[in-house]
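Engineer: What follows is a protein structure lacking sequence information:
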């Protein structure tokens, strides 16, 4: 068991290493270089700039220096904004995105899962059909549309909340809805189908036949098993919500990391792009790892060490 | 006694039991039969066909190009609230105080020239064939919630309430902030979405299926290496990858999106196919094929892939919405399709600035994306249950 964990963690680190390497060389491949402007910079200044950012070193040396920094969680300095440290920026902006992501994930868990369970229990009634209809709509509407419609109608026409920023608690509602809409719909569909699958199993019938009260059958036997695929999905989903917040942050004018990422992309701020990309990959890989490890105690049937055909 | 002539002798051949003759159903015919019985799947299929027609044929039917601008006619909604000034002529006041002349069919005839502006009394004068039309918009300012929005005075007659709400025949779905026809742009946007989905499908089919099949069939060492590559690609959210590639390619047009999507969108399919192949490759029919000396490539191509075609097709239909989403999303944040090209994401992005005045400009592309994605989802769900009858009870 322990060797499995070690193996998983090592492979996660290896994956991160590859991603950092790839990102580095991809950025170096970019035409123009970081200081290409519409008006060419004075060659002397350019030389000084390149010296300052170690760009005169051979590429291998640059690579090692960069990787050494990454290991210490130091992503260097922004090319575009003077004296701005990438790591500081990430640490400063990330909590906002994290908070939004957490709220959205909580919304998914406390709303999405119960909806799925109720739909499964009331299969083919109007409750089920209505819930699944809304869930289907939810997975087909892009988050930016949800965000924009919310801003224009709830904040604009009705004037109930502020449209932009995050000053009051009520201004969290919109971004959280927009962030959670897709995942919430997906989770409720997933919970429903997994619950239906479990309810058909023999052990549920046995439990019922043994005269267990209905709620016990549901909570002790059905739910535990039905939630396994949902939990597996929640990990990557949390990472996806956090890393997928660019649009929502942009529309709601929230200064989180997503908004910053999009800005650095359009500014061609290479160190910033590299830093945030690697940071995103860390979150993503960490969440997947967490789920993999959590899996073993959620579902003891799963055997490790054997590569199973998924 | 009944009349004997009412009855005939039966030809002896008819006495034989009529044999049940029914065309034998192949697997695909059976799938089609099941699919036909599924209402939602057929709605989905219909939707997909409609979107394809809309994008492929549509642009030939409209009189406009995607970048034809008519600046006098900017921001016109699909339904125009008009004032009648004579039998044949209607006028429509835009939000920027252009007075447009319409005929009784709802076609735009032209913009009337503004002759004078009285800012104190809030009256604008326009010239119509030498006659004066006065628009008194003071109501709008002093009583914003009142019944009267503005009045139109022509030949001494004042109309206080709009005569009618008529369909805009020149721009069926309205026009955007540059006076471009939204319907036309939606059609070109459908084209882009379709091209993107086609590319995603092809990439899934060729790279994903072949890669997954080789990985699943190969020795465990090769499989390990190949899957590690997939793991690496998979461990960055695809959208970030695409953004990164777009930055590196340093241009944003449809080709870069295609390249970006093509580079990464096959990994899910590769995993699925690998799993299928692994579960199939130890079965007897593969062993039998090996025993009679069929080559590895042929076993993969003739036996393994056809047997996993069901999940492949389902995953294919389901991957298309995500490709469409990605394109819309990239264009929306401004690093996808760039102006003046029309994509649903770009159109939504352009609509944000004036969302409160002209919500239809956001609603229409959103609706287009929604309908397309919904159709593919319905079709995919239907295909899933049609291709795998075991799932039908759910």
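Structural biologist: Sure, I can see it. Fair warning: this is a prediction, and the values are worked out from it, not measured in the lab. Numbering: from 1, shown residues only, chains lettered A, B, ... in the order given.
Engineer: what's the helix or strand for the residue in the stretch 251-394 of chain B that chain A sits nearest to?
Structural biologist: The minimum distance from the stretch 251-394 of chain B to chain A, using C-beta to the nearest C-beta, falls at residue B:278 (3.2 Å). Backbone N, C-alpha and C define where each C-beta goes, glycine included. Per DSSP states H and E, residue B:278 falls inside helix B:267-280.
Engineer: Repeat that for residue B:135.
Structural biologist: Per DSSP H and E: strand B:131-136 holds residue B:135.
Engineer: what about that strand, average pLDDT?
Structural biologist: What strand B:131-136 shows for mean pLDDT is 74.
Engineer: Same question for stretch B:201-218.
Structural biologist: 85.
Engineer: If you count contacts, what does the helix or strand harbouring residue B:319 end up packed against?
Structural biologist: For residue B:319, the host element (DSSP H and E) is helix B:309-332. If you count contacts as 3 or more C-beta pairs under 8 Å, 6 or more residues apart in numbering or on different chains; DSSP states H and E, helix B:309-332 packs onto helix A:143-149, helix B:182-203, helix B:238-249, helix B:254-264, helix B:267-280, helix B:344-352, helix B:360-387.
Engineer: Least confident of these, on average?
Structural biologist: helix B:238-249 - the lowest mean pLDDT of the helices and strands packed on helix B:309-332, at a mean of 72.
Engineer: follow-up on the earlier one: what pairs with the strand holding residue B:135, parallel or antiparallel?
Structural biologist: strand B:123-128 (antiparallel), strand B:151-154 (antiparallel) (DSSP bridges).
Engineer: Which positions in the stretch 1-150 of chain A make contact with chain B?
Structural biologist: For the stretch 1-150 of chain A, the residues found near chain B under the criterion C-beta under 8 Å from any C-beta of the partner chain are A:11, A:15-16, A:18-19, A:22-23, A:26-27, A:29-32, A:136-137, A:139-142, A:144-145, A:148-149.
Engineer: Can you turn the buried part of those into a PyMOL selection?
Structural biologist: Here the buried members of the residues of the stretch 1-150 of chain A next to chain B are turned into a PyMOL selection, burial being counted by 16 or more other C-beta atoms under 10 Å in any protein chain shown:
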select buried, chain A and resi 15+16+18+19+22+23+26+27+30+136+139+140+141+142+144+145+148+149
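Engineer: Any regions of the stretch 51-200 of chain B where pLDDT drops low?
Structural biologist: Applying pLDDT under 70 to the stretch 51-200 of chain B flags the ranges B:144, B:146-147, B:156.
Engineer: can you map out the strands along it?
Structural biologist: B:79-84, B:89-93, B:99-103, B:108-118, B:123-128, B:131-136, B:151-154, B:157-159, B:164-167 (DSSP state E, counting those that start in this stretch).
Engineer: will you turn the ones you listed into a markdown table that also has mean neighbour count?
Structural biologist: What follows is these, written out as a markdown table (neighbours: other C-beta atoms under 10 Å in any protein chain shown):
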| stretch | mean neighbour count |
| --- | --- |
| strand B:79-84 | 20 |
| strand B:89-93 | 21 |
| strand B:99-103 | 20 |
| strand B:108-118 | 14 |
| strand B:123-128 | 18 |
| strand B:131-136 | 17 |
| strand B:151-154 | 20 |
| strand B:157-159 | 11 |
| strand B:164-167 | 13 |
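Engineer: Let me have the ones you listed in TSV, adding distance to residue B:215 as columns.
Structural biologist: Shown next, in TSV, are those (distance: least, C-beta to C-beta, whole Å):
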stretch	distance to residue B:215
strand B:79-84	56
strand B:89-93	63
strand B:99-103	62
strand B:108-118	60
strand B:123-128	71
strand B:131-136	71
strand B:151-154	72
strand B:157-159	74
strand B:164-167	56
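Engineer: now for these, which one comes closest to residue A:50?
Structural biologist: strand B:108-118 (55.9 Å; C-beta to C-beta).
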